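1. can't give you the sequence, but here's the structure:
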């Protein structure tokens, strides 16, 4: 399935939907729907009407194992509106109004933000300030719907333990890589006890968890930066976003960029300068250091799972760029470059 498949259904849905509460929408006036971007779990369309524009997001899968995926994302965006660095959500319908081949899908209509993806060589400081703004948003724990990240390293380890066997138990697996990944998974099983640090000194806020460069929109004319993909936010430790942003499995996802140690320090220093909490400023480097190998393992585990799913035709959406990237990530030399330093500890 690709963007073209649902385009007629998306156009028909918008013709029928009651969008009178959407800012700028004029019922009955002609509009257009064109393909915008396709991810792993959502398809995005650009809706235009008389010089105005919105994004229609059609949800075709879930990363959180819940049927209310599109509502989960909508409510997260509503929480985040005060930050000014996320798209404003205008309309959500989880009644599965978009007809697909096998089932119907929920939709979200939100603000369209023109711009370009983040450039690691130019935008590290701006990204650091954005993260500080999101992580500083005052939200009461009892007033949000977000899934709790209660055991940060164990949660990541357990997720990898579900994903990685898809590759480890596949006849398609390369034997040397399979053996090495089993060794890494065993190391992580022992190393996750280091989450005692987070349990003894918790700091909770809204975290995105999926912060590759393609999920940022930078508008250089307006001098703005936004983080636009919020399908899997959690209530957890800010180190998750900062670590995930800078590990190689993230920076290389949409670019050829791999952070140096100096890049990493500069990025964290920018975050420290923008954050208001003094204790977080003092502890964020250690929090991120503990996270890094687990975020690398998460990236490799998901890639290994996706690689098998692409080979066997089990993936709902087929994105050729994604397939080529996960294939590159499964080279043994690359995987060893990520984990050998930790296995030698």
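-> Here it is on my side, so go on. Being a predicted model, the structure only gives us computed values, none of them experimental. Residues are numbered from 1 along each chain as shown.
2. in the biggest helix by length in the chain, what's buried?
-> In the chain, taking DSSP state H as the definition, the longest helix is helix 278-312. Buried residues in helix 278-312, defined by neighbour count with 16 or more other CB atoms under 10 Å: 280-281, 284-285, 287-288, 290-310. Where C-beta positions appear, they are placed from N, C-alpha and C, glycine not excepted.
3. for stretch 105-125, same thing?
-> 105-113, 115, 118-120, 123-124.
4. Now do that stretch: distance to the chain's middle.
-> Distance of stretch 105-125 from the chain centroid (CA atoms, centre = their mean, to the nearest Å) equals 12 Å.
5. Look at it and report the distance between its end residues.
-> Criterion CA to CA, to the nearest Å; first-to-last residue distance in stretch 105-125 is 38 Å.
6. now stretch 109-121
-> 32 Å.
7. now swap in stretch 30-42 and tell me
-> In stretch 30-42, first residue to last residue: 25 Å (CA to CA).
8. Also stretch 271-284?
-> End-to-end distance (CA to CA), stretch 271-284: 9 Å.
9. quick one: the residue nearest to residue 195 when sequence neighbours are not counted from residue 295, how far?
-> Nearest residue to residue 195, sequence neighbours excluded (CB to CB, 6 or more residues apart in numbering): residue 153, at 3.8 Å. Residue 153 is 10 Å from residue 295, where distance means CB to CB, to the nearest Å.
10. So which of the buried residues of stretch 105-125 sit within strands?
-> Judged by DSSP state E, the buried residues of stretch 105-125 include 105, 106, 107, 108, 109, 110, 111 as members of strands.
11. Wait, a strand at residue 28?
-> No. Using DSSP: H, G, I helix; E, B strand; the rest coil, the assignment for residue 28 is coil, not a strand.
12. where does it fall, phi/psi-wise?
-> phi 90, psi -10 (degrees, to the nearest 10).
13. How about the one 10 residues further on?
-> Note on residue 38: backbone dihedrals following degrees, to the nearest 10 are phi -120, psi 120.
14. Next, the buried residues of the helix or strand hosting residue 5.
-> Using DSSP states H and E, residue 5 sits within helix 3-16. Along helix 3-16, these residues count as buried under the neighbour rule (16+ other CB under 10 Å): 3, 6, 7, 9, 10, 11, 13, 14.
15. was I right about residue 50 contacting residue 25?
-> No. At 10.1 Å, residue 50 does not count as touching residue 25 under the criterion of CB atoms under 8 Å.
16. of those two, who's got more company?
-> Using other CB atoms under 10 Å as the criterion, residue 50 and residue 25 rank with residue 25 on top: 19 against 10.
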